[in-house]
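S.K.: take this sequence and fold it.
(2 chains)
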Amino acid sequence: MSYGFLIDTTLCIGCEACMEACQETYQLPSNDHYELSAEKYTVVKSKTISEGDIYYRQMCMHCQDPTCASVCPVAAFEKTPEGPVIYHENRCMGCRYCIMACPFDVPKFEWQKSLPLVKKCTMCYQRIKEGKIPACAEACPTGATLFGQREDLIQIAQERIKQEKDKYYPYIYGLNEAGGTSVLIISSVALTDLGFKANNFQEPLSKLTWEVMKEIPNVVAFSGVFLFGLSWIINRRIKLQETPVEVDKDSGREKEEN
Amino acid sequence: MNAHSLVSRFNFRLTFWKGVFIILLLLGMVSTFVRFFFGLGTATNLSDQFPWGLWIGFDVLCGVGLAAGGFSLAAIVYIFNIKKFHPIVRPAILTAFLGYLLVIIALLFDLGRPYRIWHPIVMWNPHSVMFEVGWCVMLYTTVLALEFSPIVLERLRWNKFLKIIRTFLIPLVILGVILSTLHQSSLGSLYLIVPEKLYPLWYSPLLPVLFFISAVAVGFAMVIFESFLSARAFNKQLERSLVSELARVIVFILSLYALLKLQDFARQDVWSFMFINRTETYFFWAEILLGVVIPMILLSIPKIRHNERTLFIGVLLVVLGFIMNRLNVAITGMESYAQANYFPSWMEISVTLMIVALGFAAFRTAVKYLPIFEKSEHIEIPYRKQIKIRKVENRQLQKEKTTN
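M.R.: Numbers count the residues shown, from 1 in each chain, chains lettered A, B, ... in the order given. Take a look at the predicted model:
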């Protein structure tokens, strides 16, 4: 049981109410730069296609198995049981591996500050804790950003696609991307046409490094035993060669003494 | 000590290299000020699109790799017990120790909140490659300090501590080898998580293995390189047979690396990327040809290995090729995805140069005041012969015994 968003771009009218709500809630400065940044946790973008403009949102996808949480050396990111991926700013040392690794390029850095932090959407974790719904979902006038249980949202999305076959492109983005995300997106066109990552990563990225990381205990144990053994054997051989040889009287051949 | 000898001891003559050093230091200090008071955004050309630049690519990835000679040579001398390499194990450990200290200094520049560098000690995330690298670097720097300590203790004549350290030398060296294996490869694993961001010519599931092997090769190359520089700087004879034999080892490791690379290209099927007209292609070929193919050919010719000058060129190529490889992974290979046209700012470059200059100065000072290079009275005897001689001696001893 975890929360998520269903973003239906066919319902979005591009009013930017979600952006403003986000900006107000977190007291972010306003600027006209329509890209995610340390001062913008969500942004509404538009793309013109033959049937008209499509408006869509960019924000943290709140992966089920977040790459940021897997790469962070100090566990500053956490996937909460409620769904949001949150950031513990008192842990972060600013290595920016999360920014490197995130497949959706979501975490952003406060480059201009002398003591910077990483910033991103937290699905209004505090508000969820207080029993409220995230500010952007509350502000959305058309229901293009729908907040709810992820399972319910998947059903709603499937039903919408099933009922209006000619309106939707039959794909729920986020169902399996990067191992599944809490944010699901449906649209009238393929999401890749809107600049979203092609769906070629259906498994969590953390698997890629874990395949190697899990071998570490083996490497340590094996090389430890191997090296100790090797050094013991070599040193013993040298020691043996240094000890005086005794002539065996019966056969007249050299015999090594221990 | 009278006043005159004091003056003569600290007499300062401005030479060309000292001048360069002072300029680099001053520029670096300006950049340091800007970086810590006005933030990374002001001092560097880094951005959200390109979060890791020169400091990670050169100072950390190359720094750690170039210091790899410390663990491989320590393994050769103390574990494999090939004693003839003993004369160069100390400079190698010194370089490694200094190298790691410099990497940590560079990290302090690169981290957004450097005063939290200790956080991985208490805030664990065993899934993170960076966490593992952090721990390994921390532990290995400690190991290096301990491996290095006999040199200082000898100087101070603290024989009690010296004895303790010597008892634990073998376990220490083994620990160092394990830690090095782990983090040298893990620096490659760092990039496993960006399959669609790193250019296909460099992304590979084998990155950790490739990083490890190339680090071993460049570690040896650096040992030779240093022997040259210090032989020149301190007017002493180069251990020629030693370095040329090390060069032979490099050929072997480089061929292993080349073989693995070929196999990797085949498995990843990236041949088509090798011949398209892109910047990446040129950087790739420069790295492969200059850093692997040419030195492999050069160093496999005995005549070249035995000539000081040509050996130096071959080894230099290995080092440059290695640096190109790491910079290609960290910077060139990330450019096309990021679309940020990253090139380091002058402040980034000056900090890096300052750190390198500090390294050279520290090395020089250490060699000057500590017994790093052994006296040249040491007679070189190849390993196998040494044993034979011992056997002969033993036999003679035996004969003497029996005649008595």
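S.K.: CA only for contacts and neighbour counts going forward, please
M.R.: Fine.
S.K.: can you pull the poorly scored residue ranges out of the chain?
M.R.: Going with chain A. The model of chain A has pLDDT under 70 over residues A:199-200, A:245-258.
S.K.: I was thinking of chain B, sorry if that wasn't clear
M.R.: Scanning chain B with the threshold set as pLDDT under 70 gives B:1-12, B:374-397, B:400-401, B:403-404.
S.K.: now do the domain split for it, please.
M.R.: Following automatic domain parsing, chain B resolves into domains at B:16-40+B:342-362, B:48-341.
S.K.: before we move on, what about chain A?
M.R.: Domain segmentation of chain A under automatic domain parsing yields A:3-204, A:215-256.
S.K.: what's the most buried one of the ones you listed?
M.R.: Burial of the domains of chain A is given as mean neighbour count (mean count of other Cα atoms under 10 Å in any protein chain shown); domain A:3-204 ranks first at a mean of 19.
S.K.: circling back: which one of the domains of chain A lies closest to B:T332?
M.R.: domain A:3-204 (14.6 Å; Cα to Cα).
S.K.: reformat the domains of chain B as CSV; add distance to chain A.
M.R.: Listed next are the domains of chain B as CSV, based on distance: least, Cα to the nearest Cα, whole Å:
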stretch, distance to chain A
domain B:16-40+B:342-362, 4
domain B:48-341, 4
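S.K.: all helices for the stretch 151-258 of chain A, in order.
M.R.: A:206-213, A:216-242 (DSSP state H, counting those that start in this stretch).
S.K.: just to revisit the earlier point, mean neighbour count, the domains of chain B: which tops it?
M.R.: Buried most deeply of those, by mean count of other Cα under 10 Å, is domain B:48-341, with a mean of 20.
S.K.: which one of the domains of chain A lies nearest to B:V209?
M.R.: The nearest among the domains of chain A, by Cα to Cα, is domain A:215-256 at 12.6 Å.
S.K.: leaving out chain neighbours, which residue sits closest to A:S182?
M.R.: A:G4 (4.5 Å; Cα to Cα, 6 or more residues apart in numbering or on different chains).
S.K.: in its sheet, what does whichever strand or helix holds the one you found sit against?
M.R.: Assigned by DSSP states H and E, A:G4 falls within strand A:3-8. Strand A:3-8 sits in its sheet next to strand A:145-149 (antiparallel), strand A:183-186 (parallel), going by DSSP bridges.
S.K.: what distance separates that strand from the middle of the whole chain?
M.R.: 17 Å (Cα atoms, centre = their mean, to the nearest Å).
S.K.: got it, and stretch B:184-198?
M.R.: Taking the mean of its C-alpha atoms, stretch B:184-198 sits 20 Å from the chain's own mean (Cα atoms, centre = their mean).
S.K.: touching, A:C95 and B:G112? I think so.
M.R.: Yes. Using Cα atoms under 8 Å, A:C95 is in contact with B:G112, at 6.4 Å.
S.K.: one step back: closest one to A:K129 among the domains of chain B?
M.R.: domain B:48-341 (24.6 Å).
S.K.: hmm, who's touching stretch B:91-99?
M.R.: Residues outside stretch B:91-99 that contact it (Cα atoms under 8 Å, 6 or more residues apart in numbering or on different chains): B:63-64, B:66-71, B:73-74, B:141, B:144-145, B:147-148, B:223, B:226-227, B:359, B:362-363, B:372-373.
S.K.: swap the cut-off to 6 Å and go again
M.R.: Applying Cα atoms under 6 Å, 6 or more residues apart in numbering or on different chains, the contact partners of stretch B:91-99 are B:67, B:69-70, B:144, B:223, B:372.
S.K.: quick revisit: mind checking the strands paired with strand A:3-8 for the one nearest to A:F104?
M.R.: Proximity to A:F104 (Cα to Cα) singles out strand A:183-186 among those, at 11.9 Å.
S.K.: got the CA coordinates for the closest one in PDB?
M.R.: Written as PDB, here are the backbone C-alpha positions of strand A:183-186 (Å, rounded to 0.1, in the frame of the first residue of the first chain):
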ATOM      1  CA  VAL A 183       4.300   8.300 -10.600                       C
ATOM      2  CA  LEU A 184       2.300   6.900 -13.600                       C
ATOM      3  CA  ILE A 185       1.800   8.800 -16.800                       C
ATOM      4  CA  ILE A 186      -0.700   8.200 -19.600                       C
END
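S.K.: before we move on, back to that, so what touches the strand holding A:G4?
M.R.: A:82-83, A:144-150, A:153, A:182-187.
S.K.: which element follows that strand toward the C-terminus?
M.R.: helix A:17-25.
S.K.: now that following helix, how far from the centre of its chain.
M.R.: 24 Å.
S.K.: what is that helix packed up against?
M.R.: Packed against helix A:17-25 by the contact rule (3 or more Cα pairs under 6 Å, 6 or more residues apart in numbering or on different chains; DSSP states H and E) you find helix A:135-139.
S.K.: quick one, what contacts B:P208?
M.R.: B:185-186, B:188-189.
S.K.: okay, and which of these map to helices?
M.R.: Among the contacts of B:P208, the ones falling in helices (DSSP state H) are B:185-186, B:188-189.
S.K.: identify all contacting residues around stretch B:166-181.
M.R.: With Cα under 6 Å, 6+ apart as the criterion, stretch B:166-181 contacts B:71, B:136, B:140.
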